[in-house]
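Asker: Attaching a predicted model along with its sequence, questions to come.
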Amino acid sequence: MEQKTIRRAKTSLLLLFISVVFGLLIYSRIKAYSLAPTMKPEDFSKYSWYEVPVYFLWDYISHGWICLLFAFVTAGLVYEFVPKEIVTKYMSSSKSVGYAIGAGLAPFFTVCSCTMIPIFAGILYTGAGIGPAITFLLMAPAANILTIMITGEFISWEIAGVRIIASLITAVLTGLIISRTTWGKEVERKHQVTSQTLGIAQQATEGTTVAVVKPPLDDRLLSALKFGVYLARQILPYFFLGLIMVSYVEAYVPQELVEGYLTGLTGILLASVIGGPLYTPTLVEIVLGRSLLELGMSKAALLSWLMGQPYDIPNMVAVSRVVEWRVVLLYALIAWACSVTFGVLYGIITGSI
């Protein structure tokens, strides 16, 4: 009886904390409180070089802490409560549902491409199709909960919405193309053979009954918050370091330079080339993109910039350990072409090219 009371109290406290986090975000929206930084590039001209990052960091943290807290808590809850078995169970390259699962659920399982690669490898080794697996690989870092939320609050919800749509089409298209290539089919066959071998080994234990006990709600809530803290520890140190570097970009890069090179078709091409190979820690590409936008970068070039994360060089090298280099280079080429295409289309439609 005492144990049940303790668990109820623990559950109530955890739910209260989560409710407060959600309530803070809702309250900020009702009061129209800006969760994005408010300082402009010209505001930093009155500060010395060592004061610039201090004021820049304070501007971001003082306005964005609610959004960041909400994003990390939400990421933890989704990771804990969304059933992960669905991803590997239905991701067959011969079924459209595999692509739907890969594209629709990938953003809920990871927040950056580096943490997604082990999951991608696990999906392939369970016998999933190469097409849905590649869709998962590209969709997760490009349009996950954390990046979309920060993009919407720090830049605009229009850009965030377009980023979701463009990333979805890119991920599915890339998966479909690779699943029809000789290289893709070869990778798929190799991993399916491995999966079948593991399946034969597991048949020896089929006569054993294992009872699966579902953890109580308080343990799951605590696990979700712990995962959110884990993500914060992994991401925030690099995020703050990135903010310091971006502060000098915003303070000292001439506006004429950005307007001259990161606008028009040339700007889209340049942004797509820099945004991919240039590896930036998770969320830093959003902060840097916002600063470049303040300095005169076109929205079309910004979209192309934001779509470059799935084909950064460090993660391409890591993925090549799971699938061969021809597959890696092909998905990078398709993703780059899509980032340019969607940047141009968005620029033409909105007149922001």
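Answerer: Nice, thanks for sending it over.
Asker: Just want to check the distance between the nearest residue to residue 295 once chain neighbours are set aside and residue 223.
Answerer: Take residue 295 and drop its neighbours on the chain: the residue closest to it by Cβ to Cβ, 6 or more residues apart in numbering is residue 258, 4.1 Å away. In short, each C-beta sits where N, CA and C put it, glycine included. As defined by Cβ to Cβ, to the nearest Å, residue 258 lies at a distance of 44 Å from residue 223.
Asker: out of these two, which sits in the more crowded spot?
Answerer: Legend: neighbour count by other Cβ atoms under 10 Å for residue 258 and residue 223, higher for residue 258 (22 against 16).
Asker: Surely that one is in contact with residue 298?
Answerer: No. Under the criterion of Cβ atoms under 8 Å, residue 258 makes no contact with residue 298, lying 9.6 Å away.
Asker: quick one: the most centrally placed residue in the chain and residue 157, what's the gap?
Answerer: Among the residues of the chain, residue 141 comes closest to the average C-alpha position under Cα atoms, centre = their mean, at 3.2 Å. Taking Cβ to Cβ as the measure, residue 141 falls 20 Å from residue 157.
Asker: What ranges in the stretch 201-350 of the chain fall below the confidence cut-off?
Answerer: When the per-residue scores of the stretch 201-350 of the chain are filtered using pLDDT under 70, the ranges that remain are 201-213, 277-282.
Asker: List the buried residues of the top helix by length along the chain.
Answerer: Using DSSP state H, we find that the single longest helix of the chain is helix 217-252. Within helix 217-252, the residues that qualify as buried by neighbour count (16 or more other Cβ atoms under 10 Å) are 218, 220-225, 227-228, 231-232, 234-235, 239, 242-243, 246-247, 250-251.
Asker: ok so, going back, now the residue nearest to residue 295, what's its secondary structure?
Answerer: The local conformation at residue 258, judged by DSSP: H, G, I helix; E, B strand; the rest coil, is helix.
Asker: For residue 316, which non-adjacent residue is spatially closest?
Answerer: With Cβ to Cβ, 6+ apart as the criterion, residue 316 has its nearest non-adjacent residue at 5.2 Å, and that residue is residue 328.
Asker: list the contacts for that neighbour?
Answerer: In this structure, residue 328 makes contact with 316, 319, 320, judged by Cβ atoms under 8 Å, 6 or more residues apart in numbering.
Asker: What separation is there between it and residue 188?
Answerer: Taken as Cβ to Cβ, the spacing of residue 328 relative to residue 188 amounts to 15 Å.
Asker: and what of residue 61?
Answerer: When Cβ to Cβ is applied, the distance between residue 61 and residue 188 equals 46 Å.
Asker: Residue 274 too?
Answerer: 33 Å.
Asker: out of the two, which sits in the busier spot?
Answerer: With other Cβ under 10 Å as the criterion, residue 274 and residue 188 differ in neighbour count, and residue 188 comes out ahead with 21 against 14.
Asker: Thought residue 178 was touching the more buried one, still the case?
Answerer: No. Taking contact to mean Cβ under 8 Å, the distance of 9.4 Å between residue 188 and residue 178 leaves them out of contact.
Asker: Need the residues touching each of those two.
Answerer: By Cβ under 8 Å, 6+ apart, the residues touching both residue 188 and residue 178 are residue 130.
Asker: Would you mind confirming that residue 224 is in contact with residue 77?
Answerer: Yes. Contact between residue 224 and residue 77 holds when scored by Cβ under 8 Å: they sit 4.7 Å apart.
Asker: Next up, the contacts around the nearest residue to residue 56 once chain neighbours are set aside.
Answerer: In space, not counting the residues next to it along the chain, residue 56 is nearest to residue 247; the distance is 3.5 Å by Cβ to Cβ, 6+ apart. Residue 247 makes contact with 44, 52, 53, 56, 57, according to Cβ under 8 Å, 6+ apart.
Asker: can you check residue 156 too?
Answerer: With contacts defined as Cβ under 8 Å, 6+ apart, residue 156 is in contact with no residue.
Asker: For it, report the pLDDT, please.
Answerer: Predicted confidence (pLDDT) at residue 156: the value is 92.
Asker: about what we covered before: would you mind giving the contacts of residue 247 as a markdown table with pLDDT, secondary structure and neighbour count added?
Answerer: Listed next are the contacts of residue 247 as a markdown table, based on pLDDT from 0 to 100; DSSP: H, G, I helix; E, B strand; the rest coil; neighbours: other Cβ atoms under 10 Å:
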| residue | pLDDT | secondary structure | neighbour count |
| --- | --- | --- | --- |
| 44 | 85 | helix | 20 |
| 52 | 91 | helix | 18 |
| 53 | 91 | helix | 20 |
| 56 | 89 | helix | 24 |
| 57 | 90 | helix | 15 |
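Asker: No further queries at this time; thank you.
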